[in-house]
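Student: A structural model of the following input is requested.
(2 chains)
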Amino acid sequence: EDQVTQSPEALRLQEGESSSLNCSYTVSGLRGLFWYRQDPGKGPEFLFTLYSAGEEKEKERLKATLTKKESFLHITAPKPEDSATYLCAVEDNYGQNFVFGPGTRLSVLP
Amino acid sequence: KAGVTQTPRYLIKTRGQQVTLSCSPISGHRSVSWYQQTPGQGLQFLFEYFSETQRNKGNFPGRFSGRQFSNSRSEMNVSTLELGDSALYLCASSLAQGPSYGYTFGSGTRLTVV
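Tutor: Numbers count the residues shown, from 1 in each chain, chains lettered A, B, ... in the order given. Below is the predicted model:
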């Protein structure tokens, strides 16, 4: 059964304090790993898709990396507006399963 | 361009009633997927429609159903509501079937069952 776990469950950072969020997955053949950002009262907003181990994607202060077992979302010098819940999800090779992790709730304090 | 529109935004229903939620995808998008989000279970896949046909279904009871119209708009229906159906229901549209083509989510319908 495809599974996705994320850690930590919640993270509080001071503005400018860099850190990483973890997404560990078990899937019967990975088609893609996706990162989303969700603000309170809104739907998830797409950030990145990673397809193979070693791949990296960057967007502003965010950088996502992928290994065969996990993905990291690195946040460099975060700002309060980066506060949100970050979700990762995996799609299997058959395109039949798309499973979300529980998310990491990030708070960046000014 | 207009995003994914879900109506209504908020809904309060009584146990045993039924409810219909609506989703209008981005213009040109032919796939609509529905998800249930709760604090305990997170985001769980309900079903996906593409070209008016259900292409994939999650592990939910038959009380949850959906359909897609020729203009790609989709509705989901929940019959005989239970307290545990209280959740944020999200729809996501994409150009083609599956998340690899890029999901765009709506803001959701917050359903409260009392």
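Student: ok, and the closest non-adjacent residue to the residue of chain A found nearest chain B?
Tutor: In chain A, no residue comes nearer to chain B than A:Gly43, which is 3.0 Å away by C-beta to the nearest C-beta. Every residue, glycine included, has its C-beta placed from N, CA and C. Distance criterion C-beta to C-beta, 6 or more residues apart in numbering or on different chains; nearest residue to A:Gly43, sequence neighbours excluded, is B:Phe105 at 3.0 Å.
Student: please name every helix or strand in contact with the least confident helix or strand in chain A by mean pLDDT.
Tutor: None of the helices or strands of chain A scores lower by mean pLDDT, DSSP states H and E than strand A:98-100, at a mean of 91. Applying 3 or more C-beta pairs under 8 Å, 6 or more residues apart in numbering or on different chains; DSSP states H and E, one finds that strand A:98-100 contacts strand A:3-7, strand A:84-92, strand B:42-50.
Student: I'd like the next helix or strand past that strand.
Tutor: strand A:104-109 (DSSP states H and E).
Student: note down every partner strand of that following strand and its orientation.
Tutor: strand A:10-14 (parallel), strand A:84-92 (antiparallel) (DSSP bridges).
Student: in three-state terms, label B:Ser100 for me.
Tutor: helix (DSSP: H, G, I helix; E, B strand; the rest coil).
Student: so what's it closest to, chain neighbours aside?
Tutor: A:Gly32 (5.6 Å).
Student: shaky segments in chain B?
Tutor: In the predicted model of chain B, residues B:1 satisfy pLDDT under 70.
Student: which residue does it bring closest to chain A?
Tutor: B:Phe105 (3.0 Å).
Student: give the contact list for that residue.
Tutor: Listed by C-beta atoms under 8 Å, 6 or more residues apart in numbering or on different chains, the contact set of B:Phe105 reads A:Gly43, A:Pro44, A:Glu45, B:Val4, B:Leu90, B:Cys91, B:Ala92.
Student: shouldn't the third one be in contact with A:Phe34?
Tutor: No: between A:Glu45 and A:Phe34 no contact is recorded; they are 11.3 Å apart, counting by C-beta atoms under 8 Å.
Student: tell me which of the two has more neighbours.
Tutor: With neighbours defined as other C-beta atoms under 10 Å in any protein chain shown, A:Glu45 and A:Phe34 compare such that A:Phe34 has more, 24 against 15.
Student: adjacent strands (with direction) for the helix or strand where B:Thr20 lies?
Tutor: Assigned by DSSP H and E, B:Thr20 falls within strand B:19-24. Here strand B:19-24 is paired, per DSSP bridges, with strand B:5-7 (antiparallel), strand B:74-78 (antiparallel).
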